[in-house]
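> no sequence for this one, just the structure:
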Ligand SMILES: [Zn+2]
């Protein structure tokens, strides 16, 4: 549609003194620059991303290891690691969790300015949702990899599998990391491992902490599910299955005394139950094996469906 050029109101108008001039100018200022017809379609409705209640249910923070705290909801992980030089946050959950996370941080003695880094697993709205708000509130450095940074910047839009169905406030990444690189703070090292699977930019993180007096290698390992994903002949992701296999292999090789995952129940955690938060500890190898079995089942289903066409 071509726009009509706006007429210039000031050149042809007779000069009038005093307060009348701006009033007389009003009608032409209010004239629309272009016309909208009633036949134009309405602007699209915004669709909010609705999730199950457990993912939105706050619980009291609990300690996972000497420096590491779980501050997420019942069903979505957020981990806070306190060092001598400030704190690091892994993931945040849903967009609406920002204020809850800041309150949990305050209850653990971490002021907004004490949060130095925000690290994350994958760029979906149920894990990266509040990162933009937390970045504004704290000034923390947001860390990601190149693949995930693009999806963060788009606020989850044009997702390979979900299109524009799951959106979140876009995030500007401050620091890009390469596979195997470490973020250091207060004498602790947080090493990133690229584990492509649930997203091509999926990241897992490992660090050393102490638990019950023993050195403990913590592995925060990303999701490895493929919910509704097209695994065969996907034009947006031709090598998706190869990437999953690489991701599973990388996860099996991680230092992994204590496994935690963005969906805590996926690795045996029950954050809702203060008495049994880790009823079935799972190894990284078992987690990867279960993911690979599920992937192979989906592949078999999709092959069978293709053969039946
Ligand atoms: Zn996801």
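That came through fine. The shown structure was predicted, so the numbers you read here are calculated from the model rather than taken from an experiment.
> could you check how far residue 62 is from residue 70?
5 Å (C-beta to C-beta, to the nearest Å). C-beta: built from backbone N, CA, C; applies to glycine.
> counting neighbours, go ahead and name the busier of those two.
residue 70 (21 against 11; other C-beta atoms under 10 Å).
> specify the beta-bridge partners of that one.
Residue 70 has the following beta-bridge partners by DSSP bridges: residue 62, residue 79.
> from residue 45, how far off is it?
Distance from residue 70 to residue 45, by C-beta to C-beta: 36 Å.
> in the protein, which strand has the most residues?
strand 203-211 (DSSP state E).
> what's the neighbour count on residue 204?
Neighbours of residue 204 (other C-beta under 10 Å): 27.
> so it touches residue 119, yeah?
No: because the distance of 10.6 Å does not satisfy C-beta atoms under 8 Å, residue 204 is recorded as not touching residue 119.
> tell me the SS of residue 289?
Following DSSP: H, G, I helix; E, B strand; the rest coil, we place residue 289 in the helix state.
> check the one 10 residues further on too.
Of the three states, residue 299 takes helix under three-state DSSP.
> that one: neighbour count?
With other C-beta under 10 Å as criterion, residue 299 counts 15.
> pLDDT score for it?
On the pLDDT scale, residue 299 is placed at 97.
> again with residue 250
98.
> list the buried ones in the helix or strand it falls within?
Per DSSP states H and E, residue 250 falls inside helix 240-252. Neighbour-count burial for helix 240-252 flags 240, 241, 243, 244, 247, 248, 250, 251, 252 (criterion: 16 or more other C-beta atoms under 10 Å).
> now the nearest residue to residue 291 once chain neighbours are set aside: how far from residue 90?
In this structure, residue 291 finds its nearest non-sequential neighbour in residue 224, 3.5 Å apart by C-beta to C-beta, 6 or more residues apart in numbering. Note on residue 224: its distance to residue 90, by C-beta to C-beta, is 17 Å.
> helices along this structure, start to end?
20-30, 98-107, 131-138, 146-153, 240-252, 284-308 (DSSP state H).
> so which of those helices comes closest to residue 181?
Proximity to residue 181 (C-beta to C-beta) singles out helix 146-153 among the helices of the chain, at 12.1 Å.
> now the angle from the closest one to helix 131-138?
On the basis of axes from the mean of the first three to the mean of the last three C-alpha atoms, to 10 degrees, helix 146-153 is oriented at 80 degrees to helix 131-138.
> can you list contacts of helix 146-153?
Defining contact as C-beta atoms under 8 Å, 6 or more residues apart in numbering, one finds that helix 146-153 is touched by 120, 122-123, 128, 131, 142, 144, 159, 170-173, 176, 196, 199-203.
> report the mean per-residue pLDDT for stretch 227-240.
For stretch 227-240, the per-residue pLDDT averages 97.
> count the residues that sit near residue 40.
9.
> let's number from 842 now, not from 1
Noted, 842 is the first residue going forward, which turns the last one into residue 881.
> give me the below-cutoff pLDDT ranges for the chain.
842-875, 887-888, 1116-1121, 1150 (pLDDT under 70).
> taking the centroid of it, which residue is nearest it?
residue 969 (1.9 Å; C-alpha atoms, centre = their mean).
> thought it was touching residue 975?
No: using C-beta under 8 Å as the test, residue 969 is too far from residue 975 to be in contact (10.2 Å).
> what do those two both touch?
residue 933.
> returning to what we had before: out of the contacts of helix 987-994, which are buried?
961, 963-964, 969, 972, 983, 985, 1000, 1012, 1014, 1037, 1040-1044.
> wait, which of those residues is closest to residue 1127?
residue 1043 (18.4 Å).
> mind listing what the closest one touches?
962, 963, 989, 1035, 1036, 1037, 1063, 1064, 1088.
> so residue 1144 sits right up against residue 1073, yeah?
Yes: between residue 1144 and residue 1073 there is a contact under C-beta under 8 Å: 6.7 Å.
> what's the burial count for residue 892?
Counted with other C-beta under 10 Å, residue 892 comes out at 16.
> which residues touch it?
Residue 892 touches 935, 967, counting by C-beta under 8 Å, 6+ apart.
> switch to 10 Å and redo it
Residue 892 makes contact with 916, 917, 934, 935, 966, 967, 970, 1007, according to C-beta atoms under 10 Å, 6 or more residues apart in numbering.
> from residue 914, how far out is it?
For residue 892, the distance to residue 914 equals 10 Å [C-beta to C-beta].
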